[in-house]
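Visitor: Predicted coordinates and the sequence they were generated for:
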Amino acid sequence: MRRHGTVLAVGLALLALLAAACSDVEEEPEAGGGGTAPDTTNVAQCGDETIVLAVNPWIGAKANAAVAQVVMQQQMGCTVELEDPIAEKAQFPAMADGDVDATLEVWPSGHADDYAQFIEEAGTVVDGGLLGITGNIGWFVPSYVVEQNPQYATVDGFKEDADIFATADTGDKGRFLGADTTYSIFDEQIIAALGLDLEVIYSGSEDASLSALDTAVQNEEPILMYWWTPQWANAKYDLVEVQLPEFTDECADIALNDPEAVGYNCDYADDVLYKAFSAQLEGKDPAAFEFLSNFEWTEEDQNGVALAIQEGAEPEEAAQEWVDANQDVWQAWLPAA
């Protein structure tokens, strides 16, 4: 009995030591839901001023800004506000005035004049480097349209007979579904210059264009529309790009020098997307400037966050899910202390 008592006493003593040791171990914070636990020891921190990011009226821009906001707030202690939405052409004057600090997605084919005016000449806006994505604006139809009517694979098919695209709004002409009128667009000019049997009807927003596309696809009806890649909906709806005349230096010159773009008669240029910052940002907050300069991700990254937002997630929630799963990506954006 004495031996058993000794063993029991030793066992109880060991349990007490283990309990004491466990009480000194800090619990790992959970990333999901509450955000990625910051280890900011070697990370430069933001100052006291609020950083304002532009959000253009399309879902990819919303995804960019949401991810930047989450990482900057959690890892760098920044206060970040989103100017959401801001018209595409309004962002450069806003950055020049210092009302907006940065935009994370500029499509250069529509902003050659802004680049020249604000970046090259006035120096009130600076080029923030590449976003990591190449974009393409164009004219798109669902694949079944071309399968049933092969002539619509190229713009020549719309020169004489586009009546299958006609609606009550366009009469005998085919409807070309335009986008948000604040976008940089040349569709009316292309139609006029090429003599196409089309009339532009503007949807007014990305969501309205998607709604019209969804209705058309559900009923397998013809639809011709302004659209772009990357965009999460392209795979879902199996869209085909209509072949327009190749982009030329002449079209580039018209886009740059003529606000009305009269005579623009070719495709949109492929766009290597870039970021732009107020020239005041680096002095205002060097850490934020360096982080946003480093911000670069892929089409797959952006589409994943954009799709989650489209399916009903709040932008911050969708961004947090991506941040939790992609620490190796965003850690490379953090400025060193």
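Guide: That came through, no problem.

Visitor: burial measure for the closest residue in space to residue 220 that isn't next to it in sequence, as a count.
Guide: Spatially, and ignoring its direct neighbours in sequence, residue 220 is nearest to residue 144 (5.9 Å; CB to CB, 6 or more residues apart in numbering). Using the backbone N, CA and C atoms, a C-beta is placed for each residue, glycine as well. Counted with other CB atoms under 10 Å, residues neighbouring residue 144 total 15.

Visitor: Quick check: residue 144 is in a helix.
Guide: Yes. Counting by DSSP: H, G, I helix; E, B strand; the rest coil, residue 144 is part of a helix.

Visitor: For it, give me the pLDDT.
Guide: If you check residue 144, the pLDDT there is 97.

Visitor: Surely it touches residue 218?
Guide: No. Residue 144 lies out of contact with residue 218 (CB atoms under 8 Å); the separation is 11.9 Å.

Visitor: related to what we said a few turns ago, now the residue nearest to residue 220: how far from residue 174?
Guide: 16 Å (CB to CB, to the nearest Å).

Visitor: next one: residue 185
Guide: From residue 185 to residue 174 the distance is 18 Å (CB to CB).

Visitor: What pLDDT does the model give the closest residue to residue 110 other than its chain neighbours?
Guide: Leaving aside its sequence neighbours, residue 110 sits nearest to residue 184 (CB to CB, 6+ apart; 2.2 Å). Looking at residue 184, its pLDDT is 87.

Visitor: Torsion angles phi and psi at residue 184?
Guide: Backbone geometry at residue 184, expressed as degrees, to the nearest 10, gives phi -80, psi 110.

Visitor: Count the residues that sit near it.
Guide: Residue 184: 20 neighbours (other CB under 10 Å).

Visitor: which SSE is residue 175 in?
Guide: strand 174-178 (DSSP states H and E).

Visitor: residues making contact with that strand?
Guide: 139, 158, 162-167, 169, 185, 187, 191, 197-203, 209, 212, 223-226 (CB atoms under 8 Å, 6 or more residues apart in numbering).
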